[in-house]
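**Student:** Make a model of this:
(one chain, ligands or ions: 2)
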Amino acid sequence: MKKKILILGIETSCDETSVSIIQDNGKKTPKILANVISSQIKVHKKFGGVVPELAARSHLEKIEIITKKALKKSKVKLKDLDAISATAGPGLIVCLSVGFNFAKALSMALKKPLIAVNHLEGHALSPMFENKINFPYLLLLISGGHTQFLVVRGLGKYKRIGTTIDDALGEAFDKTAKMLGFGFPGGPEIEKYSKKGNPDKFDLPKPIINKGGCNFSFAGLKTAVLRYKNFIKTKKDKYDLAASFQATVLKIIYKKTKVAISEFKKVSKGRSLIVAGGVAANKQIRNIIKKVCYEENFKIYFPKNELCTDNAAMIAIAGLKKFKQKKFNNLNFSVKPRWPLDNKAKFLKGSGVKL
Ligand code: KG4
Ligand code: ZN
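**Tutor:** Ligands and ions are numbered 1, 2, ... in the order given. Model (predicted):
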C-alpha cells in the first residue's frame with residue numbers, strides 16, 4: 001500500500017493566523033484533516049485596514065494555540081508529519097516572520113523538511129482539494145493584494161499575461177466599502193448591500209476596458225465612487241452606489257476575462273480557468289466568469305468558499321506538491337515580502353504606465 005503523506009501548513013502573511021494538516025492517500029485529491037483559522041477582523045476593524053504591528057503581535061499570541069488545535073482536531077502527532085510548510089511571502093514582513101520562524105523551529109526540532117510556500121501559489125492550487133486539474137491552465141488571481149491573469153504550466157511555472165496597474169480588486173472593494181461607511185473587510189459588505197441597490201443608478205467609469213490587453217485599472221472607478229458619495233442622501237442611495245460599483249466590476253471582469261482567454265489560447269492548448277483569492281468568494285463575480293467560460297467552452301474551477309480567503313490548507317497543498325518533487329528549503333531561507341509568481345514580469349504599477 002502507498003504510504004500516506006501528512007503535511008502541516010502555516011499561514012500568517014496578513015491578518016489570518018491559520019494552521020492546517022492535510023493527508024495524501026495516493027487518491028485523486030488530498031484530504032483536509034484540519035484547517036484552523038483565527039481571523040483578526042476585530043483587531044483591525046476600528047482602523048478600517050490591517051495594522052502590521054498589531055497583526056504580528058496577534059500571530060505571535062495565537063500561533064502555538066492554533067497549531068495545538070489543528071493537531072488535536074486532525075488526531076495527528078507531530079512525529080508523524082512528513083514536512084512543515086509555511087508561507088514565506090509575499091506579505092507583511094513582520095507577519096510572515098512569525099509563521100515562517102515557527103515553521104523553522106518545528107522543522108529543526110522534529111528533523112522534518114522545511115518547505116517555503118508562495119502564498120499566491122497556495123491560492124492558485126486551492127481548488128485542487130475538490131478537483132484533479134491538469135496543467136496548463138489559465139489562472140485569475142483576485143485578492144486583497146493582487147489581480148492577475150497567469151498562464152500556469154506546472155508547479156512554480158507561471159507567466160503573467162495581465163495585472164492591475166494600480167489597485168488590486170479586493171483593495172478597490174475594501175476602499176469603496178470604507179467610503180460608504182460599511183464594515184471591514186469591504187468585499188463581503190459590498191456584495192451584501194448590493195442586493196438592496198439598483199446597479200444601473202450610477203454610471204461609473206470602466207478604466208482601460210478597451211485597451212491594455214487583459215491588464216486592469218481600478219483607481220479611476222474608486223475616485224468616481226468618492227465623487228458620487230457627496231451626492232448621497234439616503235441609505236438607499238448608498239446601496240445603489242454599492243450595487244453600481246459591483247455591476248461595473250462585473251462588466252470589467254467579463255471583458256478582461258474574454259481578452260485573457262483569447263491571449264491564453266494563442267500560447268497554450270489548455271482549456272481551463274482557475275479563479276482564486278478572496279474576491280473569488282463573490283457570487284456575482286463567479287457567475288459572470290462562469291458565463292464567459294460557457295461562451296468560450298472553457299472548464300471553470302473555483303476553490304470551495306471557505307478556501308477563497310486566506311487559510312493554511314492552501315499552503316499545505318502547495319507544500320504537498322513541493323514535497324512530492326523534493327523541493328525543500330534550508331533553515332537559512334528568508335521570508336520575501338515581495339515574491340511574484342512570475343519573476344520575469346515587468347513591474348507595472350504607478351502613473352505613467354504605458355499600455
Ligand atoms: O485572498 P485574501 O483573503 O487575502 C489576500 O491575500 O489579499 O483576500 C482578501 C480580499 C479582501 O480585499 C476582501 O474584501 C475580498 O478579498 N473579499 C471579497 C469577498 N470576500 C472577500 N471581495 C468581494 N466579494 C466578496 N464576497
Ligand atoms: Zn491571500
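**Student:** drop to CA atoms for contacts and neighbour counts, all remaining ones
**Tutor:** Noted.
**Student:** Can you pull out the low-pLDDT segments for this protein?
**Tutor:** Across the chain, the ranges flagged by pLDDT under 70 are 1-2, 350-355.
**Student:** Using the record's domain definitions, break it down for me.
**Tutor:** Here the domain assignment for the chain is 5-128+307-324, 134-302, based on automatic domain parsing.
**Student:** now, of the ones you listed, which is deepest in the fold?
**Tutor:** domain 5-128+307-324 (a mean of 22; mean count of other CA atoms under 10 Å).
**Student:** Pull the distance from that domain to the chain's centre.
**Tutor:** 14 Å (CA atoms, centre = their mean, to the nearest Å).
**Student:** Residues of the stretch 251-355 of the chain that sit close to ligand 1?
**Tutor:** 277-279, 281-282, 309-310 (CA under 6 Å from any ligand atom).
**Student:** In TSV, list these along with secondary structure.
**Tutor:** Below are those laid out as TSV (DSSP: H, G, I helix; E, B strand; the rest coil):
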residue	secondary structure
G277	coil
G278	helix
V279	helix
A281	helix
N282	coil
T309	coil
D310	coil
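**Student:** quick check, nearest of these to K192?
**Tutor:** N282 (9.7 Å; CA to CA).
**Student:** ok, the closest one - contacts?
**Tutor:** By CA atoms under 8 Å, 6 or more residues apart in numbering, the contact set of N282 is 187-188, 191.
**Student:** got it, and K159?
**Tutor:** K159 neighbours (CA under 8 Å, 6+ apart): 150-152, 341-342, 345.
**Student:** Show me which residues of this protein sit near ligand 1.
**Tutor:** Counting by CA under 6 Å from any ligand atom, the chain sits next to ligand 1 at 143-145, 170-171, 173-174, 185-188, 191, 277-279, 281-282, 309-310.
**Student:** Try it again at 5 Å.
**Tutor:** 143-145, 170-171, 185-188, 277-279, 281-282, 309-310 (CA under 5 Å from any ligand atom).
**Student:** how much space between the residue nearest the centre of the chain and A260?
**Tutor:** The centroid of the chain falls nearest to G277 when counting by CA atoms, centre = their mean (2.6 Å). G277 sits 17 Å away from A260, taking CA to CA, to the nearest Å as the criterion.
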